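Student: no sequence for this one, just the structure:
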């Protein structure tokens, strides 16, 4: 019996071994083979016979059919194209969030744009978080409690979001920044 040429036996064995929290040495010991055998199979430097692969899998233990039909866990998305950011703003202020689903997440990252004259509102914001941001271009007036400052490119802010705060673009050009909030607040 030959294995499907497109199936990567070495990569699958490596993933299954790690899924069961086994070192190569521990798997070899359990299966009654040498550590080198496991290493060579995982590197695809040898193609194991059906009987030798079955012997290795008994050390996990895992059936032959489970090994080949096992669904690999979907890989977590770690890169996001600009088109994949989720718009959660209201038009004059754009909030483009990295990741769509924030359930169970501890950090929210947002690419923000404030049109000239835009404002988060006269009512000061408050929420249970910490937040910070760095201005990329333009100017943004940031008010935190009784402190107020106009920030420009390269300037940053970081504060306890339970303090009342407000953001306004008092300039004549769009303001762009990247912010982070933990835990996510909106």
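Tutor: That came in fine, so what should we check first? Note that the structure is predicted; figures quoted are calculated from it, not measured.
Student: if I look at residue 132, how far off is residue 100?
Tutor: Distance from residue 132 to residue 100, counting by CB to CB, to the nearest Å: 22 Å. For every residue, glycine as well, the C-beta is placed using N, CA and C.
Student: Tell me which residue is most central in this structure.
Tutor: Centrality entry for the chain: nearest residue to the mean C-alpha point is residue 78, 4.2 Å, by CA atoms, centre = their mean.
Student: Can you give me the buried ones in the helix or strand bottoming out on mean pLDDT in the chain?
Tutor: Taking mean pLDDT, DSSP states H and E as the measure, the chain has helix 64-69 as its least confident helix or strand, at a mean of 82. For helix 64-69, burial by neighbour count (16 or more other CB atoms under 10 Å) applies to residue 67.
Student: repeat for stretch 9-20
Tutor: For stretch 9-20, by 16+ other CB under 10 Å, it's 9-10, 12-14, 16-17.
Student: tell me the contacts of the closest residue to residue 12 other than its chain neighbours?
Tutor: The shortest distance from residue 12 to any non-neighbouring residue, by CB to CB, 6 or more residues apart in numbering, is to residue 67 (6.6 Å). The neighbours of residue 67, taking CB atoms under 8 Å, 6 or more residues apart in numbering as the test, are 12-13, 16, 53, 57.
Student: ok, those vs residue 127, which is closest?
Tutor: Nearest to residue 127 among these is residue 16, at 43.7 Å by CB to CB.
Student: packing partners for the helix or strand where the closest one lies?
Tutor: Using DSSP states H and E, residue 16 sits within helix 9-19. For helix 9-19, the packing partners by 3 or more CB pairs under 8 Å, 6 or more residues apart in numbering; DSSP states H and E come out as helix 35-42, helix 64-69.
Student: by how many degrees do the first one and helix 9-19 diverge?
Tutor: Angle of helix 35-42 versus helix 9-19, following axes from the mean of the first three to the mean of the last three CA atoms, to 10 degrees, is 120 degrees.
Student: for the very next helix or strand once past helix 35-42, which positions count as buried?
Tutor: Toward the C-terminal end, the helix or strand that comes next after helix 35-42 (DSSP H and E) is helix 50-58. Buried residues in helix 50-58, counted by 16+ other CB under 10 Å: 53, 56-57.
Student: what would these look like in a markdown table with distance to residue 140?
Tutor: Listed next are the buried residues of helix 50-58 as a markdown table, based on distance: CB to CB, whole Å:
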| residue | distance to residue 140 |
| --- | --- |
| 53 | 61 |
| 56 | 60 |
| 57 | 59 |
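Student: Among the residues you listed, which one sits closest to residue 113?
Tutor: residue 57 (54.0 Å).
Student: OK, contacts around the closest one?
Tutor: By CB under 8 Å, 6+ apart, the neighbours of residue 57 are 31, 63-64, 67.
Student: Repeat that for residue 133.
Tutor: Residue 133 touches 112, 156-158, 177-180, counting by CB under 8 Å, 6+ apart.
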